[in-house]
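> what follows is a predicted structure for the sequence shown.
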Protein chains: 2
Amino acid sequence: MTDLSSAQSESADEFMREAALLLGPRGLTSDPERMDAWLTDWRGRYTGRACALASPASTAEVAALVRLCAQHRIPIVPQGGNSGMAGGATPDDSGTAIILSLRRMNAIRAVSADAGQAVCEAGVVLQTLHEAAEAKGMRFALTLGGKGSATIGGLIATNAGGTQVLRHGTMRAQVLGLEAVLADGSVLDLMTPLKKDNRGFDLKQLLIGSEGTLGIVTAACLKLLPAPAGRVTAWVGLGGIVEARTLLRQIERAMGEALEGFEVVPAHCLDAVLAHQPAARAPLGQSHEWNALIECVSPSSDNAMLRETLEAALAAALDDGLIADAVIAANDTQAEAFWALRDGISAAERALGPAMQHDISVPVERMPEFILAAIPALESAFPGTRAIAFGHLGDGNVHFHVIAPASAVRGAWEEAQGKTISAQVYDLVTAWGGSISAEHGIGQMKVAELARLHDPAALAVMAAVKRALDPDNLLNPGKLLPGPSASHSGPLAPARAVL
Amino acid sequence: MTDLSSAQSESADEFMREAALLLGPRGLTSDPERMDAWLTDWRGRYTGRACALASPASTAEVAALVRLCAQHRIPIVPQGGNSGMAGGATPDDSGTAIILSLRRMNAIRAVSADAGQAVCEAGVVLQTLHEAAEAKGMRFALTLGGKGSATIGGLIATNAGGTQVLRHGTMRAQVLGLEAVLADGSVLDLMTPLKKDNRGFDLKQLLIGSEGTLGIVTAACLKLLPAPAGRVTAWVGLGGIVEARTLLRQIERAMGEALEGFEVVPAHCLDAVLAHQPAARAPLGQSHEWNALIECVSPSSDNAMLRETLEAALAAALDDGLIADAVIAANDTQAEAFWALRDGISAAERALGPAMQHDISVPVERMPEFILAAIPALESAFPGTRAIAFGHLGDGNVHFHVIAPASAVRGAWEEAQGKTISAQVYDLVTAWGGSISAEHGIGQMKVAELARLHDPAALAVMAAVKRALDPDNLLNPGKLLPGPSASHSGPLAPARAVL
């Protein structure tokens, strides 16, 4: 007589045999050394175990593998560049799941300047796509720090953001078509890029940002734009964040579609970067409570008019007393130096000591008020801490850090205080109608907070959709949504899984 | 002893009593005269019956009514301006459903030029929103023929398109936030407009274009843009549709974001309009096989540069022999006259006799080839017919009409030939990777064709999502998706309804 657990183990063995036959030695390993790098997320916050690392080479192989997993009830953790921010690509520690890596599927199938489209497999690295587009005089208008490792599939699964969202939108706005393998191994082919298509629910949109819980993205048709030929970058000193938002609206009105970036940097962050990067120079002579980094681009290489328009807008703001000082980068090198100050904040702040970091958004209009209310609220609730906010003001999305007191010990402080601090930040954001995850997703990091704070009707709909599309909860279980063992509160009646 | 049908009838009576108490005499009627206008779609193609017309005045009333419907198993047909093109707002002829009209919920709650947002209830008429935006120097960048009756809720439910999609996208791109009542009467509040929000599945996107089958849109936060101050409109004569697409790409490159419209009109359609509108004049001296109507806008009222840029692009196209002739409208009156020619096509074609009309799309790149292949294919399959294509080339979306032979009798011809002709058009479109509904939706008109031609995996996902969110199939039954009695082919196992 066979007991349940040995039956499970036999089924797992059988799965491994069949998967090995399907994928071959390049496509499947359970060697701990070859798996090791992919069991921990890049920031080292989450570590899990897996029964195997599968690396299929084609959509057909992904589909066949998923069918096999469905048959043997093997959970699947899809993984791209393993550079996510919320642990969404790291398995749990049960060791029952496989990691399904898309990295071998890294072909750029087509790049058309004429159509303004690139067709990529899921494992294409963002930087590689940038280069392929540039080679044709085009541009893929989404970029972010992890571009050297982040893959197209992961960027779609997490609806990635970055520094050009103000003008070009998140990953969602770049996807013209996609292909995904569903929980039963069927292939959903939505690759044809149609500008208008009202044949029912937009399933593409449902998959984008679903973090591998509804399907595994295997390919996409992406939007390319003509490469911008000219750019103008300005660094502005201001007295306050309210003024920064007013300036944003004035610049938007003056520059129209040319405005691509509007980032805010408080004095504390700029000082930290200047201390951390000895070669860096402050763009302005004096220090200002707040700084704004503004970038505009133009399709023509003659950016004289763009520059004049921005200069005029900034001169008017200076005359009105809205801003204290401003400088426009004289050349590309100086523009890069401005951006290096902005991009250096995370590392500089990290060097200063432990901090709890939060990726949050509220409506753009309310962001100044929110920052002015949230900073003192956190600092007074946790004496000795310092709260800072910096980043994408133009998107209503800032990185909100709560920095430990000087005496705090890294590790111990986060352990003792971190959860309470973050809970208070997320409470505040929710009270302001904002999002506890503006661009990084939920992954495993924020599952409990999402369940605690999100609209019950929205949670119920998400749970119902998840059960409908993945009744056995095999696609990235434990990510984004609370597991099926957790109680489903909310108004929609739970549907039973059928298979 | 009570038999089933009298129990049903008692429940329906009880529903009517409770609904009357809930909504009052202004909010509920079963008077045939008051219901009559809403039982037939505006084109007179579909007529149904209903047990009542409910007109709730608030989201709370909609929610309470839907709960009541769920309790008594009363099907609900949501209705806005009743100006849909696919019978999506007309009940079936069983008489068991209520029509849930959103027309009383017609408040514009806020218009903010600063935030670039309008908050509207579902029953706001598009034209009313246009006027409210204009009063603040802003613009709602979606417009279409039915703007005097189409409501915001209906436009969202059908993901409406129109003549500015090339630049501004469909309704989906205008929706920053929405509120909807779900099948169990719970309220899904996604109204806060966040530019970045990665808290799981984007349920807003799932509801947009779902034609009332997943929830009833009750309010929305919509994007407003600064009103364009200058515009330049051109009429171009060309020898072929391939040339028109090449011209489109050249104009896109030259004009960038300024290009808002690129419509194509074949000679046959222009002639029909000129014959039908005695006061209309041909924009060019000679007749051309194809015409293109191009519109560009600029944020500044000084459109001299815009005009120069367009003139230069057209002059280059003329020099290259790509186009035969072109004229730029001297003023707004002339620009309106150009648009009147385009907008007059449907009426002029209708006056010529019966025709089967199809709202289809294929990838923009393939549209010329498609037109060149589809026209002779249809004309040879149905001798005596004439096939024409006109409309939104820039969106890959044309209106494809198959005109009856001169001898055909209106009504009899459509009856005898219509279905076969349309099936062949949709077969062709599907073979080209296109959509059988580019902008009008599926409604009741194309349910069978969608089931016949759409990707089985996509159909299965749609059916699974529908069952998950509306297990009793009470929300707009028979629309968009085949009813639950139809067999569910496709790879996903059907989930059982639970309540």
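Sure, I can see it. Numbers count the residues shown, from 1 in each chain, chains lettered A, B, ... in the order given.
> residue A:411: neighbour count?
Neighbourhood size, residue A:411 [other C-beta atoms under 10 Å in any protein chain shown]: 9. In this view, the C-beta of every residue, glycine as well, is placed from N, C-alpha and C.
> residues contacting it?
Each residue near residue A:411 by C-beta atoms under 8 Å, 6 or more residues apart in numbering or on different chains is listed here: residue A:354.
> and for the one 3 residues further on?
Applying C-beta under 8 Å, 6+ apart, we find residue A:414 in contact with A:354, A:356, A:404.
> what does residue A:264 give?
Neighbour list for residue A:264: A:241, A:244, A:290-293, A:389-391, A:393, A:398 [criterion: C-beta under 8 Å, 6+ apart].
> what's the closest of these to residue A:175?
Nearest to residue A:175 out of these is residue A:391 (C-beta to C-beta; 23.8 Å).
> and the residue of the stretch 201-350 of chain A that's closest to chain B?
In the stretch 201-350 of chain A, no residue comes nearer to chain B than residue A:205, which is 3.5 Å away by C-beta to the nearest C-beta.
> which residues in the stretch 1-150 of chain A form helices?
With DSSP state H, counting those that start in this stretch as the criterion, the stretch 1-150 of chain A has helices at A:4-27, A:32-36, A:59-72, A:126-134.
> with the stretch 251-400 of chain A instead?
Under DSSP H, counting those that start in this stretch, the stretch 251-400 of chain A gives helices at A:267-276, A:304-319, A:332-343, A:345-352, A:367-381.
> and the longest one, which residues are buried?
Of the residues in helix A:304-319, those with enough neighbours to count as buried (16 or more other C-beta atoms under 10 Å in any protein chain shown) are A:306-307, A:309-310, A:313-314, A:317.
> with the shortest one instead?
Buried positions in helix A:345-352, judged by neighbour count with 16+ other C-beta under 10 Å: A:345-346, A:348-349, A:352.
> now those residues in TSV, with pLDDT and distance to chain B?
Shown next, in TSV, are the buried residues of helix A:345-352 (pLDDT from 0 to 100; distance: C-beta to the nearest C-beta, whole Å):
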residue	pLDDT	distance to chain B
A:345	93	18
A:346	88	18
A:348	93	23
A:349	90	21
A:352	88	26
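> ok so, going back, which of the contacts of residue A:414 fall in strands?
residue A:356 (DSSP state E).
> which among the contacts of residue A:414 gets closest to residue B:123?
residue A:356 (45.2 Å).
> count of residues packed around residue A:56?
Residues near residue A:56, counting by other C-beta under 10 Å: 28.
> and for residue A:253?
Using other C-beta under 10 Å, residue A:253 is surrounded by 12 other residues.
> quick one, phi/psi of the nearest residue to it once chain neighbours are set aside?
Nearest residue to residue A:253, sequence neighbours excluded (C-beta to C-beta, 6 or more residues apart in numbering or on different chains): residue B:226, at 6.8 Å. Phi and psi for residue B:226, reported as degrees, to the nearest 10, are phi -60, psi 140.
> correct me if wrong: residue B:226 contacts residue B:299.
Yes. The criterion here is C-beta atoms under 8 Å, and residue B:226 meets it with residue B:299 at 5.9 Å.
> report the buried residues of stretch A:97-107.
Those would be A:97-106, for stretch A:97-107 by 16+ other C-beta under 10 Å.
> with just CA atoms, put it into PDB.
Taking Å, rounded to 0.1, in the frame of the first residue of the first chain, the C-alpha atoms of stretch A:97-107 are listed here in PDB:
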ATOM      1  CA  ALA A  97       8.200  24.200  -7.200                       C
ATOM      2  CA  ILE A  98      10.200  24.400 -10.400                       C
ATOM      3  CA  ILE A  99      11.800  27.700 -11.500                       C
ATOM      4  CA  LEU A 100      10.700  28.200 -15.100                       C
ATOM      5  CA  SER A 101      13.400  30.500 -16.500                       C
ATOM      6  CA  LEU A 102      12.700  32.300 -19.700                       C
ATOM      7  CA  ARG A 103      16.300  33.300 -20.300                       C
ATOM      8  CA  ARG A 104      17.000  30.900 -23.100                       C
ATOM      9  CA  MET A 105      14.100  32.400 -25.100                       C
ATOM     10  CA  ASN A 106      16.100  35.500 -25.900                       C
ATOM     11  CA  ALA A 107      15.600  36.000 -29.600                       C
END
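> re the thing from before, which ones among the buried residues of stretch A:97-107 map onto strands?
Short answer: the buried residues of stretch A:97-107 in strands (DSSP E) are A:98-101.
> mind checking which of the contacts of residue A:414 are buried?
Here, 16+ other C-beta under 10 Å leaves A:354, A:356, A:404 buried among the contacts of residue A:414.
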